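1. Need coordinates for the below:
(one chain, ligands or ions: 1)
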Amino acid sequence: MHTGMWENRITQENVIRLKERGFYIIPPDTGRLASGGYGAGRFPDTGTILGHIKKILGKDGDMAGINIVVTAGGTQEPIDPVRVIGNRSSGKMGYAIAEAARDRGASVTLITAPTSLPVPVGVEVVNVETADQMKEAVEKAVSRSSALIMAAAVADFRAASISAQKIKKESGNLVLELVPTPDILSGINGNFIKVGFAAESQDLVANACRKVERKKLDFIVANDITEKDSGFGADTNRVIIIGQDGMPEELPLMSKRAVADRILDRVVRLLAAKGNKK
Ligand code: PMT
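-> Next up, the predicted model:
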């Protein structure tokens, strides 16, 4: 339809009436219209419609009534107005967890560093760029949540000072002073399940176990980033999940969506054991 028709008072009154009667309304997309104009009125794309349907079907799932915070993507630390320090995270793992939790009925806050992935439907999305911004967003969201899952690859260092002007290459070699960013997971504690990831290129289990202890995690999802079809950018992941008992649960190579569901199974079990739901 055209924007004028969608925004018309009678249409809107009827939409409200339908919602009151329990109908779920997928709003029109905004964009270029058949009239040549621009605005709300476009038929939503298939992915959007499927997202809404999954949310509706999941509303009585095993995570109904649970608020969960998921982080995704690689933070970007600016050097100058053009350049950033980044990493290879695509956001796929974090987005898969957010969508899986939504499909199981959870209310999901997805705190995401820049990615090229479509915005998941039915999820509250908070866009951030830097580790500091992610920390602030996590602290705000987690206070009303039962679980925090940090799949984001957070930069460990940022430039000590950000150049206001683009750094010119004529200056020759460039030495950057880097200072540590805050460790978000280590610094945040409370009455929620805390799940970390570990991206390791060596001594996977030993390093991951140390992170469980140091960051006071309920469990960690360790991925060997040297493995083919796993970790950064891949659609699949081979992970080892390690809880506070130090017992590794090795999962086979599977889709990131399947890994997400295995992670959420653990979260659901831990929440049930703690009798905690918010
Ligand atoms: O995004 P994809 O392309 O799908 O790739 C997925 C992934 C490989 C990024 C993901 O599976 C993963 O392993 N994420 C964590 C990567 C990472 O930063 O690992 P780490 O070992 O450096 O950090 C350990 C944990 O501490 C992580 O949960 C991280 O989010 C957190 N952290 C790290 C640094 C920091 N300053 N603050 C943090 O909270």
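
2. pLDDT below threshold where in the stretch 51-200 of the chain?
-> The model of the stretch 51-200 of the chain has no residue with pLDDT under 70.

3. mind listing the strands for it?
-> 67-72, 77-78, 84-85, 107-112, 124-127, 147-150, 157-159, 178-180, 193-200 (DSSP state E, counting those that start in this stretch).

4. Pull out the buried positions in stretch 139-147.
-> 141-142, 145-147 (16 or more other CB atoms under 10 Å). Yep, even glycine has a C-beta here, placed from its N, CA and C like the rest.

5. now stretch 234-254
-> For stretch 234-254, using 16+ other CB under 10 Å, the buried residues are 234, 236-242, 254.

6. Cross those against strands and list the overlap.
-> Within the buried residues of stretch 234-254, residues falling in strands by DSSP state E are 236-237, 239-242, 254.

7. if we can go back for a sec, closest to residue 126 among the buried residues of stretch 139-147?
-> When the buried residues of stretch 139-147 are compared for distance to residue 126 (CB to CB), residue 141 wins out at 7.0 Å.

8. Confirm for me that that closest one is in contact with residue 69.
-> Yes: using CB atoms under 8 Å, residue 141 makes contact with residue 69 at a distance of 4.6 Å.

9. so what's in contact with the two at the same time?
-> 109, 111 (CB atoms under 8 Å, 6 or more residues apart in numbering).

10. tell me which of the ones in strands among the buried residues of stretch 234-254 is nearest to residue 265?
-> Nearest to residue 265 out of those is residue 241 (CB to CB; 9.9 Å).

11. Which strand residues bridge that closest one?
-> With DSSP bridges as the criterion, residue 241 is bridged to residue 221, residue 249.

12. is it true that it touches residue 260?
-> No: if you go by CB under 8 Å, residue 241 and residue 260 don't touch, sitting 12.0 Å apart.

13. re the thing from before, for the buried residues of stretch 234-254, work out which two are farthest apart.
-> Maximum pairwise distance in the buried residues of stretch 234-254, criterion CB to CB, is 20.7 Å, between 234 and 242.
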